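Chemist: What follows is a predicted structure for the sequence shown.
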Amino acid sequence: MQLRIGHGFDVHALVTGRPLVLGGVTVPYKFGLAGHSDADVLLHAICDALLGAAALGDIGRHFPDTDVRFAGADSRLLLRHCHQLVQGQGFSVGNVDATIVCQRPKLAAHIPQMRAYIAADLAVELDVINIKATTTEQLGYTGRGEGIAAHAVVLIQHA
Ligand SMILES: Nc1ccn([C@@H]2O[C@H](COP(=O)(O)O)[C@@H](O)[C@H]2O)c(=O)n1
Ligand SMILES: C[C@@]1(CO)OP(=O)(O)OP(=O)(O)OC[C@H]1O
């Protein structure tokens, strides 16, 4: 069996007048993430990790932010598309581990729904999807509440 690992990292700025969408879940908060799509920083990091594992480049190559088709896009559709690309190379997802770097709001209560969406979109069992959240103890751009970052690693396997 061939195993491949991929890493993804993304950052979006917090602004007024936008919903906060993380892992497909709309989290109630006074600020949301700016972006061309729905700016779901967690799903973008997972997309990049999937693409990275299969040596398929990055999210901007597949979904350019100059393309009106992706304006306001639901990032779950982008995640499903990345999964299809990886499947097309003969790979299936082994597991996903991701961390959302977010000072506020508290995300713990929303993580079960994020995991369920991601597991469904990647056609895997819930127990291979792990999502974590951490603050940066008020340090740096995430700590000041200027934005939210996400890191993801994905293992894919080829029978
Ligand atoms: N936006 C966040 C950040 C953190 N959590 C949860 O709190 C725990 C402690 O976070 P520290 O940054 O102080 O280590 C963390 O392990 C998460 O369970 C959260 O829910 N939302
Ligand atoms: C998803 C895309 C495409 O709509 O736009 P954004 O939502 O701005 O996200 P980003 O992570 O900056 O890059 C990928 C983009 O091409």
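Modeler: Thanks, I have the structure now. Ligands and ions are numbered 1, 2, ... in the order given.
Chemist: Could you use CA atoms for every contact and neighbour count after this?
Modeler: Noted.
Chemist: Tell me the buried residues in stretch 17-31?
Modeler: Residues of stretch 17-31 classed as buried: 18-25, 27, 31 (neighbour count, 16 or more other CA atoms under 10 Å).
Chemist: Next, the spatially most central residue of the chain: secondary structure please.
Modeler: Centroid-nearest residue in the chain, with CA atoms, centre = their mean: Leu43, separated by 1.8 Å. At Leu43 the chain is in helix, as set by DSSP: H, G, I helix; E, B strand; the rest coil.
Chemist: who in this structure is up against ligand 2?
Modeler: Taking CA under 6 Å from any ligand atom as the contact definition, the chain meets ligand 2 at 10, 35-39, 44, 59-60, 63-65, 70-71.
Chemist: sorry, back to before: pretty sure the residue nearest to the centre of the chain is touching His12, no?
Modeler: No - here Leu43 lies out of contact with His12, judged by CA atoms under 8 Å, at a distance of 11.8 Å.
Chemist: quick one: His7 from Gly24, how far?
Modeler: Note on His7: its distance to Gly24, by CA to CA, to the nearest Å, is 20 Å.
Chemist: ok so, going back, who's in contact with the residue nearest to the centre of the chain?
Modeler: Applying CA atoms under 8 Å, 6 or more residues apart in numbering, we find Leu43 in contact with 22-24, 75-76, 79.
Chemist: end-to-end on stretch 101-108?
Modeler: Stretch 101-108 has an end-to-end distance of 12 Å (criterion: CA to CA).
Chemist: contact partners of that stretch?
Modeler: Counting by CA under 8 Å, 6+ apart, residues outside stretch 101-108 touching it are 27, 29, 133-138, 142-145, 147-150.
Chemist: Check stretch 59-73 too.
Modeler: The contact list for stretch 59-73, computed with CA under 8 Å, 6+ apart, reads 36-38, 44, 47-48, 51, 78.
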